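Asks: output the structure for:
(one chain, ligands or ions: 3)
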Amino acid sequence: MTSTPTFPAGSVLGYPRIGPRRELKKAIESFWAGRSTADEVEAVAADLRRRTRTRLAELGLRTDVPAIPSAFSFYDHVLDASAVVGAVPARFADLVDENGRLDLAGYSTVARGRGDDLPLEMTKWFDTNYHYLVPEIGPDTAFRYASDRPVREFTEALADGVLTRPVIVGPVTYLALAKAAEGSPEGFAPIDRLQDLLPVYAELLRDLKAAGATWVQLDEPALVSDSIEVPADQLLAAVVEAYRALATDLTDRPAIFVAAPYGDLGAALPVLASTDVEAIGIDLVRGHAPAETVPGLETKTLVAGVIDGHNIWRADLDAKLQILEQLEGLGAAAVTVGTSTSLFHVPHDTADEPNLDATLKSWLAFADQKTLEIVTLAEGLTEGREAIHEELLAATDAVNSRKTAPGVVRPEVRARAAALTEDAFNRGTWESRKEQQAKRLDLPPLPTTTIGSFPQTTEIRVARAAFGRGELTAEQYEDEMKAEIRRVVELQEKIGLDVLVHGEPERNDMVQYFAENLDGFAVTQNGWVQSYGSRCTRPSILWGDVSRPAPITVAWTSYTQSLTEKHVKGMLTGPVTILAWSFVRDDQPLGDTANQVGLALRDEIADLEAAGIAIIQVDEPALRELLPLREEDHAAYLDWSVRSFRLATAGVRDDTQIHTHLCYSEFGEIIGAIDGLDADVTSIEAARSKMEILGDINAAGYPRAVGPGVYDIHSPRVPSEGEVEELLTEAVKAIAVDQLWVNPDCGLKTRRYEEVAPSLEHIIEATKAVRATL
Ligand SMILES: CN1c2c(nc(N)[nH]c2=O)NC[C@@H]1CNc1ccc(C(=O)N[C@@H](CCC(=O)N[C@@H](CCC(=O)N[C@@H](CCC(=O)O)C(=O)O)C(=O)O)C(=O)O)cc1
Ligand SMILES: N[C@@H](CCS)C(=O)O
Ligand SMILES: [Zn+2]
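Replies: Residues are numbered from 1 along each chain as shown. Ligands and ions are numbered 1, 2, ... in the order given. Got it, this is the predicted structure:
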């Protein structure tokens, strides 16, 4: 028997991979545009990986034991796992070479699609704003060890003198997150293929061992979630099967570290502990430490995820050290310090934010500061608390400063929330609203509209960047945005849409824009976080009590309304989404924070209504995203989230129409909450699933109006008129005509006008054709 190699006392589960200045985004987008070669992108990527290793080593992570993860990805780590195990859908078979390998162009095509070959579906990664590419696995998917990229990246680091820990999605999570490939027989589930997949993982592990890897990290977040399609007992059985098969004698493989980020392992912890893996990572921010010793743990390293990988507040190191000290009583072979999740959900470095208020900055820890926290705690754990006395005091000071700083608690904001009565959350009856709105709005059957944004052209972004640098005055910038609004209105009128939008050109992002205009938020300059592929956002920092110092959207919306006789839809982002896509204060219940945002939006809605706007949309695309991973926590979440939306919207008159938009298709799963929002019209993604959600709407007897998307905006494809007509014909068969709106799946900001204009034209023609049949 070979003895278990040393696991580092402090390590991180993963690190941002897009680069401090989005170097990877720029390189890969330039490759996609044909402006650079694959070798040039590879060179940028290798440089980024080297810089990451150097930085993490500078911050104190060891290089002689595998504290530094090797966790790079060009687009998505789940797609990377598909590339390693050769699971490329048949429609892309021509892209793989004789060894089953995809080159960078092929890999990109699987991610982005080509012509009628749809890309892999993209969906939310647990309860985060990151999206992964869903593997398609059928009974005949021929798994093979197709790509040794993890080994090459390990070897590259070793050549630089850094012993890294390769990270790959674990086999159970990989199959649990996959969907059955088209044509799979009824009842088939990807997890049924576990036995066939495991030999490929075993081969990868052998190869890593041969290259010199001492540890490998297999991420198994599926084990912390009840939303996985695989039944719980089958999932646990799969854990046993997988890790019995992989955790063989150590002569043939690196030691295995199974990490379970994003929540509580619950019943999966004893099951994992009963296998022969050498280390288990638990999330101690979202999850809990086991109350007593778990059989099997005595032979394992427990990697305690005490530093939050998902939020940016500096840790209370004293409290974290206490947790670590208590864990030592559990009898694990060793306790080491880790992050709760990979750090790729947070920006790189607070030092890269010259414009952030110094006091606020002293409360924050981005990826680099979190790495320092890990190094400090590891020292405290191994050398004793005295060794980190100064750091503990400094962290406590930061925590205390946050408690008392001006703006964190504002009595007038608290008093307003405390004075709310139930009336503030309720509108008139749907019957009365329906009648009054029909009279006021005078819309045709199957009214057509869009979700809000029109293409964010380079000209718009360049103008905003120039305004930011002071090269355009506020007036010049406003003029450019107004010119864009005029173009968007003209286009919509020409195409013949019924309810118009202004196109959101003035918004850098649908959350950041509101954060910039509300008190209680700060925004970053370089705090980019990957959302999917090359797309990033800069999550805002919600640090204090929230209020609205002045109207935000009213002038833009009124200006747009002045250009047309048609109704212009006011466009706001809802409280749940603002919270979901920001870094939110962790010193009070989320529901309290959501209500403060709700009240600020309520004021904005009142002003829009007073300005004569008859339709107001409050987007909540993140309502499903924040749904807790464990079922026992759903009811409390749905209660506060729905109430905050109602608080924002329930102040309007009955003849003002409230829309909401949710860009995902799991309608059935949270139908109760959607009903609870009490919006008059709800638009939802439906095109790619060919209107499957209509069944859920029907089954639930949902009373109000819905706009199932008829145009999949995630693809550059232009849907034909016939295709849209088919979808609409399905829709009118499934639900009452007076409940139906016609719209795309989501906003058009990521698309180009060449795609958007013909797609909208086809939607209007198809709608006219279906109207003629009514
Ligand atoms: C709807 N979605 C959103 C999510 N989360 C959000 N916070 N916002 C969303 O809209 N989550 C779910 C979905 C899908 N996710 C995304 C995420 C990101 C994008 C996207 O298109 N991101 C853009 C960046 C948007 C932005 O903030 N733009 C700024 C800065 C623009 C910029 O890069 N400027 C250049 C200079 C100009 C130039 O030369 O082009 C610079 O600073 O260097 C802005 O407009 O001002 C991205 O490119 O990644 C979409 C969906
Ligand atoms: N109104 C926003 C919603 C996106 S989820 C848009 O159209 O981009
Ligand atoms: Zn959307």
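Asks: CA only for contacts and neighbour counts going forward, please
Replies: Noted.
Asks: the residue nearest to V511 when sequence neighbours are not counted sits in which helix or strand?
Replies: Computed as C-alpha to C-alpha, 6 or more residues apart in numbering, the closest residue to V511 that is not its neighbour in sequence is I578, at 5.5 Å. Using DSSP states H and E, I578 falls within helix 575-580.
Asks: repeat for E609
Replies: Per DSSP H and E: helix 590-610 holds E609.
Asks: other SSEs contacting that helix?
Replies: helix 411-418, strand 540-547, helix 554-561, helix 575-580, helix 634-649 (3 or more C-alpha pairs under 8 Å, 6 or more residues apart in numbering; DSSP states H and E).
Asks: please identify the most buried of the ones you listed.
Replies: Most buried of these, by mean neighbour count (mean count of other C-alpha atoms under 10 Å): helix 575-580, with a mean of 26.
Asks: mind giving me the packing neighbours of that one?
Replies: Packing contacts for helix 575-580, counted by 3+ C-alpha pairs under 8 Å, 6+ apart, involve helix 590-610, helix 634-649.
Asks: nearest to G115, of the ones you listed?
Replies: Closest approach to G115 among these (C-alpha to C-alpha): helix 634-649, 39.1 Å.
Asks: returning to that earlier point: give me the contacts around the helix holding E609.
Replies: 413, 417, 518, 545-548, 551-554, 557, 570, 572, 574-576, 579, 616, 640-641, 643-652, 656 (C-alpha atoms under 8 Å, 6 or more residues apart in numbering).
Asks: can you pull the contacts of the closest residue to G598 other than its chain neighbours?
Replies: Nearest residue to G598, sequence neighbours excluded (C-alpha to C-alpha, 6+ apart): A648, at 4.3 Å. Listed by C-alpha under 8 Å, 6+ apart, the contact set of A648 reads 574-575, 597-602, 605.
Asks: returning to that earlier point: say whether ligand 2 is contacted by the helix holding I578.
Replies: No: figure legend: helix 575-580 not in contact with ligand 2 (C-alpha under 6 Å from any ligand atom); closest approach 9.2 Å.
Asks: re earlier: pLDDT at the residue nearest to G598, what is it?
Replies: If you check A648, the pLDDT there is 98.
Asks: quick one: it from A424, how far?
Replies: 9 Å (C-alpha to C-alpha, to the nearest Å).
Asks: ok, and the most crowded of the contacts of A648?
Replies: Neighbour count (other C-alpha atoms under 10 Å) singles out P575 as the most crowded of the contacts of A648, with 32 neighbours.
Asks: I figured that residue hits F645, correct?
Replies: Yes: with contacts counted by C-alpha atoms under 8 Å, P575 reaches F645, the gap being 6.3 Å.
Asks: residues near the residue in the stretch 551-700 of the chain positioned nearest to ligand 3, how many?
Replies: Proximity of the stretch 551-700 of the chain to ligand 3 (C-alpha to the ion) peaks at C663, 4.0 Å away. When neighbours are counted by other C-alpha under 10 Å, C663 registers 22.
Asks: which non-adjacent residue is nearest the closest residue to ligand 1 within the stretch 551-700 of the chain?
Replies: Going by C-alpha to the nearest ligand atom, ligand 1 is nearest to W581 of the stretch 551-700 of the chain, at 5.2 Å. Among residues not flanking W581 along the chain, P539 sits closest, at 5.8 Å (C-alpha to C-alpha, 6+ apart).
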